[in-house]
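>>> Here is a sequence together with a model predicted from it:
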Amino acid sequence: MSGHSKWATIKHKKGALDAKRGKIFTRLIKEIAMAAKSGGDPDMNPRLRTAILAAKSENMPADNIKRAIQRGTGELPGLTYEEFILEGYGPGGVALLAEISTDNRNRTVSEIRHVFGKNNGNMAEAGAVSWMFKKKGDIVIPKSAAKEDDLMNIILESGGEDLKDEGENWEILTEPSAYEAVLEAVKKAGITPASSSVSMVPDNYIKLEGQQAMQMIRLLEALEDSDDVQNVHANFDIDQKLLEEVAG
């Protein structure tokens, strides 16, 4: 499991995300609106279904979801966003992908370039690191919440791909098309995931320690603080204990 997945899980467990709920809602509303541009019916639009699922998991009110869909379909006025991915390297040569949604491309690229440079990283050309990642459904479950055999049965019956032992957690990987079915099967079994999303999962990881680990966390937080960054994916791995200490 990537350091970033561990980081997200730890923050969620500690409730640190509650302080940023407004920012989370902003990102989710953007994602729903962008997804709805391809059609406002979630039954016919897998990306919109996934976005609504994510919004509901954060307890977003139904009215907010409805308005976001209407902005995307053009029923309500709203800003026009452009989507693209920025690639770069962090401390220790870690590969990073930042998913961007912005109404001003030039401004955002300049801001993200500054964030990389200020935090011991650098921007890269398109395609420089994206080949290291594959889109997967990623469901993280505390070991205290489920047994390995039970999860393996769920995976086999619902179309999951792999089950990994990640220390304190199990990690289920799926093809994006199977993500909803596997997540629903997990929840029907009475199991609550620590985190779940369709994510860009790296083929391999770079272990970071000491100063490089701290620099990586600062870079990650700076990128996540940008209003135009929807998601960050990276192939770093940092010791669980250190991540928990930094999360406070």
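It's in.

>>> quick one, phi/psi of residue 60?
Dihedral pair for residue 60: phi -70, psi 130, per degrees, to the nearest 10.

>>> show me what contacts residue 141?
151, 169-172, 186, 191, 193-194 (Cβ atoms under 8 Å, 6 or more residues apart in numbering). To be clear about C-beta, it is placed using only N, CA and C from the backbone, and glycine gets the same treatment.

>>> now the helices for this structure?
Secondary structure of the chain, counting by DSSP state H: helices at 3-14, 21-36, 46-57, 62-73, 105-118, 148-158, 179-188, 210-224, 240-247.

>>> among the ones you listed, which is the most enclosed?
Highest mean neighbour count of those: helix 3-14, a mean of 21 (counted as mean count of other Cβ atoms under 10 Å).

>>> hang on, the earlier thing: could you dump the helices of the chain to JSON lines with distance to residue 86 and mean pLDDT?
JSON lines is the format used below for the helices of the chain (distance: least, Cβ to Cβ, whole Å; pLDDT from 0 to 100):
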{"stretch": "helix 3-14", "distance to residue 86": "16", "mean pLDDT": "62"}
{"stretch": "helix 21-36", "distance to residue 86": "16", "mean pLDDT": "86"}
{"stretch": "helix 46-57", "distance to residue 86": "20", "mean pLDDT": "90"}
{"stretch": "helix 62-73", "distance to residue 86": "23", "mean pLDDT": "93"}
{"stretch": "helix 105-118", "distance to residue 86": "5", "mean pLDDT": "96"}
{"stretch": "helix 148-158", "distance to residue 86": "33", "mean pLDDT": "92"}
{"stretch": "helix 179-188", "distance to residue 86": "24", "mean pLDDT": "92"}
{"stretch": "helix 210-224", "distance to residue 86": "9", "mean pLDDT": "90"}
{"stretch": "helix 240-247", "distance to residue 86": "24", "mean pLDDT": "74"}
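
>>> Mind putting these into a markdown table with distance to residue 128?
Shown next, in a markdown table, are these (distance: least, Cβ to Cβ, whole Å):
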| stretch | distance to residue 128 |
| --- | --- |
| helix 3-14 | 18 |
| helix 21-36 | 24 |
| helix 46-57 | 26 |
| helix 62-73 | 31 |
| helix 105-118 | 13 |
| helix 148-158 | 33 |
| helix 179-188 | 27 |
| helix 210-224 | 16 |
| helix 240-247 | 26 |
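
>>> what's the closest of those to residue 199?
Closest approach to residue 199 among those is made by helix 3-14 (7.4 Å; Cβ to Cβ).

>>> Mind checking the helices of the chain for the one nearest to residue 91?
helix 210-224 (4.2 Å).

>>> Now do that closest one and helix 240-247, the angle between them.
On the basis of axes from the mean of the first three to the mean of the last three Cα atoms, to 10 degrees, helix 210-224 is oriented at 50 degrees to helix 240-247.

>>> right, so of the helices of the chain, which gets closest to residue 202?
helix 3-14 (9.3 Å).

>>> Now do the same contact list for the residue nearest to residue 55 when sequence neighbours are not counted.
Leaving aside its chain neighbours, residue 55 sits nearest to residue 28 (4.6 Å; criterion: Cβ to Cβ, 6 or more residues apart in numbering). If a contact means Cβ under 8 Å, 6+ apart, then residue 28 has 51, 54-55, 58, 60, 68 as its contacts.

>>> just residue 38 next, same as before
Here residue 38 is in contact with 45, 47-48 (Cβ under 8 Å, 6+ apart).

>>> Which one of these is nearest to residue 119?
Nearest to residue 119 out of the contacts of residue 38 is residue 47 (Cβ to Cβ; 30.6 Å).
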